[in-house]
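1. model the structure of this input:
(chains A and B)
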Number of protein chains: 2
Amino acid sequence: MLLSALLMSVGINSCLCVLFFILYSVLRKQPHNYEVFLPRRLADGTSKRRRNKVARYIPSVKWIWKSWRPSEKELMESSGLDGVVFMRMITFSLKVFLFAGIIGVFVLLPVNCFGDQLTVIDYADWSANSLDLFSVANLKIRSQWLWVHFGAIYLVTAFVCCLLYFEFRYIALKRIEHFYSSKPQPEQFTILVRNIPSTDGSSVSDTVDRFFGENHFSTYLSHVVIHRTSKLRSVVDKAKKLYKQVKHKKPVKKKPMRFFSRRDTPEGHYENVLQEMEQNIRLGQAEVSAPGKEVRAAFVSFKSRYGAATALHMPQSINPTYWLTEPAPEPHDVHWPFFSASFMQKWLAKILVVFACLLLTILFLVPVVLVQGLTNLPALEFMFPFLTLILSMKVVSQIITGYLPSLILQTSLKVVPPIMEFLSSIQGHICHSDIQKSACNKVIWFTIWNVFFATVFSGSAFYKLSVILDPKEIPVKLAVAVPAQASFFIAYVVTTGWTDTLTELFRVVPFMVSYIKRSFEPSDDNEFVVPPMRYHRDTPRVLFFGLLGITYFFLAPLILPFILLYFCLAYIIYRNQVCMTHIFYSFRFSPCRLSTQLRFGMQFMNVYAPKFDTGGMFWPMIHYTMIFSLVLMQAIAIGLFALKKMELATYLLVPLPVCTLLFNEFCRKRFMPIFTAYPAEVLTKRDKEDRNDPRMPEFYNNLVSAYQDPALLPLRFSGSGSRNDSLTSPLLSSSEV
Amino acid sequence: MLLSALLMSVGINSCLCVLFFILYSVLRKQPHNYEVFLPRRLADGTSKRRRNKVARYIPSVKWIWKSWRPSEKELMESSGLDGVVFMRMITFSLKVFLFAGIIGVFVLLPVNCFGDQLTVIDYADWSANSLDLFSVANLKIRSQWLWVHFGAIYLVTAFVCCLLYFEFRYIALKRIEHFYSSKPQPEQFTILVRNIPSTDGSSVSDTVDRFFGENHFSTYLSHVVIHRTSKLRSVVDKAKKLYKQVKHKKPVKKKPMRFFSRRDTPEGHYENVLQEMEQNIRLGQAEVSAPGKEVRAAFVSFKSRYGAATALHMPQSINPTYWLTEPAPEPHDVHWPFFSASFMQKWLAKILVVFACLLLTILFLVPVVLVQGLTNLPALEFMFPFLTLILSMKVVSQIITGYLPSLILQTSLKVVPPIMEFLSSIQGHICHSDIQKSACNKVIWFTIWNVFFATVFSGSAFYKLSVILDPKEIPVKLAVAVPAQASFFIAYVVTTGWTDTLTELFRVVPFMVSYIKRSFEPSDDNEFVVPPMRYHRDTPRVLFFGLLGITYFFLAPLILPFILLYFCLAYIIYRNQVCMTHIFYSFRFSPCRLSTQLRFGMQFMNVYAPKFDTGGMFWPMIHYTMIFSLVLMQAIAIGLFALKKMELATYLLVPLPVCTLLFNEFCRKRFMPIFTAYPAEVLTKRDKEDRNDPRMPEFYNNLVSAYQDPALLPLRFSGSGSRNDSLTSPLLSSSEV
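-> Predicted coordinates:
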């Protein structure tokens, strides 16, 4: 790639950045955009104060300062440990690339520049390959300067490993701390039991009662058997939707209705329909609750956390395929539709999902190959001869080679996270957080395979497979292919990376949707949903730039400043989106906090609300991806040193991946158990604290019904209480947040 | 191999068999051989009744009938579940090879014989390859008769898998049953805790007490901290040995002593030495027990089995590398020297053991290559020209090709189990049973690799490695190499298999040792040890013949009758050696049983006493080896069908190994949990039964000191009480059994 093409790309993107920042500063102050930029503000309904008309149109940067300010403790309160983990992933990357950036820009870049491999080529040709001048390709074979790279690789590996260790320890401790400071939660006292064996003449409920009453008699409290409610749930959902529409319309009866041509029907009609539905639902609930209609699974609650953990860890039955235990998710996190599936269905679904993922991975190569074709101007001219004139214009050709390819790639990548989430949801996970974790994992490996490897080995899928099947040759093949794509990935960071974060800030799609909606139906400000943070979409994206930075830091150090800038942007923007949601969140449940927060001058300006709290379960995934990046970088280095005929350096590099993997194994042993289960020490301490708590009897009372299927809760649509449904089913409101 | 050579081999071995049977029948009736053939009889000292002089010299076969008779329940009582598992391995093999034998001999053998591949060769040559006539090599390429083999492979696989499933289930149920029927045992109430963190100012004992008192307060009972006693133990052992010698000599003071030239020293001298040693030991015990000298590990006992299991399964500490729990072994099964090693030492020892195993595997190829050379007469004549005359004799050449090779191989294999046991003992296992299990596993894979693969691929070690590194080619390479060695392995079964079991019956080495000893020192009948069953020596041997039978059943069905005969011999002989030890065993502890057993006419005629009871933990190993044999056989079949150009059959065989592995996975999921830990259901049932047992307080009292290091128990050598040491240390006697 030409240096000018890169500069063009940087120019375009910098302009876009500034434009988006200004636009955001202005638009977020407009009350009718609160729905997009400050959805929580509308949620509580207190925030319709209008600003000074002029101030509303003057761009300001105060919000940057404000998003910078909150401490980690405040972040924890607002977004839970998952938010903290997400932000720490970005700060971790910032630290890594600050260190690698200093080494790269001030040591490796000059060394590469003063190499003499490419000076033998004349100026015209030199200019064509200008970006290669800054890369390791500029060093001659057996050049002694390569030892500088060798040292840098060891240094950066050591630095990243140290940092990884301390981060893992920090998050693990935070997890324990978070557990200590949490109020008693139903999921801490409950386990999910599956494959309950059928005994003649007694219901599932009786079987569970007898089994736990016998085998865990000192700690067993109660249980909730799960029922097949998929059909009932769809009816309930439909009824609720209708009820909400009717309810919201009631106070403005005079206004003409626009939905469902309701203008022509009398108000009473809906009341009748709702009452009929209520009757149907009540009948359906009775039918589903009848014995014999149960799923052979139950949530079993215990008197103490220690008791629940005992039952969780211990094998239960003589037949190890019965009475399978697993930790219960948060009550509002349960993925109810899953329970309706039989064991066979689940198993088939799992196999199908694996095949679907493979299919997606293979089909996705089509846009990637297209992108590869677009970067090649002659190929484009050959395919579309009528474009020759336009393509001969310098600006157009530079836009096409420098900007368009990664834009197309990025757009097609956008559809992957929702697809992966859907695939994970039918895979057999019992809660939304597990679905997101699984989807996140899928998206990470999909991105690494389809963006990194597909670009690097831009041949057919079969060629890629043949690379994998010949493990000895991988490093050398990587060392040939990876540096050749350096300029593409620099452009990728500038275009995809920068614009990605900015569209995240600006929320382009929701903004446009809201704009279009508003222009058709001017005032309906109760009709919006506070979006949850989609970790499976954002985590892989950030991690992929980390992978790019680590693999290219010694090959093409020029990438480092751009990566660093990307992480700075991501830091500010994600803090702005994630950080202070807690004001709304906590306000919703404990209004007293609002004033405290307002005293600090914080504003209602955030987007995402945490939907669940996995307690930092995303960190191990981040850790493993970082380790993979390191090993990949080391494999490329080994291949490169072999190509440059530095035998000694090649052999001296071989222990590095081995040590990195051993380090990973150590971390896994040292920290992973904390992420799979809480230790006895912690559980008994919390139990002891609770023993004298006067609120515990009430908690136990609620615990008995905490895991009630929302489709089986009594609903009452008749009558006109405005928060009627949430009064009769207290869990619904939180599950819908 | 010539048919005549095989017949010669069969002839020699049949004669040897008859000879050994007669010799055994006679020799076992001689009182001075009781020590070798009936060691337990001497152990209780009641059995010196002399028979009629003539009857003693008449061979009888009554003992065969007697070893046939005991039921499995009696076997269980006498040798524990491990003995049952061992015998079931043999009956399992018998069933498999009865089924495979019927198919092989009555279906495959005729099909092979009527093949016409080898009839084109003239008679002289035909005779040279006569054994090949019965093998699958006699069938032409694309012969439709191969479909018979195809069917046989599917049939036998299905039969073996079904049998494996039912056996695994049976053993798993037996294990549970065994647990239900056992008296309360210390190991059921105890766990081993390692890596206890050091806290300032408090001893390990205090730390353990505080930790379990806090975190498992409802079930925690007591603990025993482990001390570094390696040095002390060697002194104690020396003293005990000396004491035993002195004690046994005392009643025959008049007789001149022969050991250690004791004849010239006064009796009182030993008393003084012993007293001095006792003093030293007491000082040493005090020194070792001092605080600060502890190992950071302890046996922690609980009030119930459920409590112990809770602590075992639950993660204990915020730092997952501390407070590591594992099930406690039986008290007399503990491998005390191991605890003295530090964590680093253990880790290094483990790495060293891995390297030592690899080294042993590579060095062992030397005798195998030698054996291969010996089967080749021309090579031998070339190397040792002076032997030409002898080698030209038909009998000699037949002995050399038919008998000698496998004899040499077998002799060099004899040294492997003790070496493997030694290696396992320094690997970090905390009990003898784990050491034996680990050694057993090592010996299995060593035998398969060094006998099977080394013989099949009789090239260099590098060639063998290259086969492994090219996974696609393995089946075809196997299909070429394995059938070529059919005649060698038939001879191997006849020679090694048959003589192996007979030397086991006859106990050649102990018999000779005892004979030599007796001729030097005529009467010292108290000086003997009852040998424990060495599962790590015998299990791999039996399993290897199973592997040979399964892999060759369709290649050379002629092997099957010999294998079947081997298993019949093994069944009778091992039952004879293992079966009825319980009379002595139980007599030792409950004399009342003796009369009951005598009523059934059983005699004191057995060899081995169980040293520990793993509760059938050897079965999974047997199961996995069987699965490996099946998959190996299927891989060879796939290769063979590919070589015979039967494309359809080849493709139809591919699902078979996949299904076998899936079946294995299912069995692992279904049964393995029962072998790793007892389920809550079982534990609470047993706990409930004990709750009203009046003997429990006494059991708890004993439990507190059950895991006391024997080197730290008070010893008293002075005084002349004949069972003095076993009175003051009640566990010593059982640990020495």
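
2. and the strands in chain A?
-> Taking DSSP state E as the test, the strands found in chain A are A:190-194, A:220-227, A:294-302, A:324-327.

3. I'd like those strands written out as JSON lines, with distance to B:N195 added.
-> (Glycine included, C-beta is placed from N, CA and C.) What follows is the strands of chain A, written out as JSON lines (distance: least, C-beta to C-beta, whole Å):
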{"stretch": "strand A:190-194", "distance to B:N195": "28"}
{"stretch": "strand A:220-227", "distance to B:N195": "32"}
{"stretch": "strand A:294-302", "distance to B:N195": "29"}
{"stretch": "strand A:324-327", "distance to B:N195": "25"}
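
4. figure out which of those is closest to chain B.
-> The closest of the strands of chain A to chain B is strand A:324-327. By C-beta to the nearest C-beta, the value is 9.9 Å.

5. show me how far that closest one is from its chain's centre.
-> 25 Å (C-alpha atoms, centre = their mean, to the nearest Å).

6. ok, stretch A:140-154 next?
-> For stretch A:140-154, the distance to the chain centre is 38 Å (C-alpha atoms, centre = their mean).

7. distance of A:W65 relative to A:I572?
-> Between A:W65 and A:I572 the computed distance is 10 Å (C-beta to C-beta, to the nearest Å).

8. between those two, point out the one with more neighbours.
-> A:I572 (19 against 10; other C-beta atoms under 10 Å in any protein chain shown).

9. need the pLDDT of that one.
-> Looking at A:I572, its pLDDT reads 85.

10. same check on A:I176?
-> The per-residue pLDDT of A:I176 was computed as 91.

11. I'd say it and A:F671 touch.
-> No: look at A:I176 against A:F671 with C-beta atoms under 8 Å: they stay out of range, at 11.1 Å.

12. quick one, which of these two is more surrounded?
-> More crowded of A:I176 and A:F671, by other C-beta under 10 Å: A:F671, with 23 against 17.

13. might one say that that one is in contact with A:R169?
-> Yes: using C-beta under 8 Å, A:F671 is in contact with A:R169, at 6.8 Å.

14. can you count the residues close to the residue of the stretch 1-150 of chain A found nearest chain B?
-> The stretch 1-150 of chain A approaches chain B most closely through A:L81 (15.9 Å), counting by C-beta to the nearest C-beta. A total of 24 residues lie near A:L81 under the criterion other C-beta under 10 Å.

15. re the thing from before, so what sits against both of A:F671 and A:R169?
-> Residues touching both A:F671 and A:R169 (C-beta atoms under 8 Å, 6 or more residues apart in numbering or on different chains): there are none.

16. residues contacting the residue in the stretch 51-200 of chain A that chain B sits nearest to?
-> Scanning the stretch 51-200 of chain A for the residue nearest chain B gives A:I176, at 5.7 Å (criterion: C-beta to the nearest C-beta). Under the criterion of C-beta under 8 Å, 6+ apart, the neighbours of A:I176 are A:674, A:678, A:682, B:318.

17. TSV for those, including distance to A:M76 and pLDDT?
-> TSV is the format used below for the contacts of A:I176 (distance: C-beta to C-beta, whole Å; pLDDT from 0 to 100):
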residue	distance to A:M76	pLDDT
A:I674	17	90
A:Y678	18	91
A:V682	18	89
B:I318	19	87
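
18. nearest to B:F338 among those?
-> Distances from B:F338 to the contacts of A:I176, taken as C-beta to C-beta, are shortest for B:I318 (27.5 Å).

19. surely that closest one meets A:Y678?
-> No: the pair formed by B:I318 and A:Y678 falls short of the contact definition of C-beta under 8 Å, at 9.1 Å.

20. more neighbours: which of those two?
-> A count of neighbours by other C-beta under 10 Å puts A:Y678 above the other of B:I318 and A:Y678, at 24 against 17.

21. now the more buried one. Nearest residue, chain neighbours left out?
-> A:F179 (5.9 Å; C-beta to C-beta, 6 or more residues apart in numbering or on different chains).

22. could you chop chain A up by domain?
-> Domain segmentation of chain A under automatic domain parsing yields A:3-184+A:346-653, A:186-345+A:694-736.

23. the first one: end-to-end distance?
-> Think domain A:3-184+A:346-653. This stretch, domain A:3-184+A:346-653, spans 32 Å end to end (C-alpha to C-alpha, to the nearest Å).

24. this completes my enquiry, with thanks.
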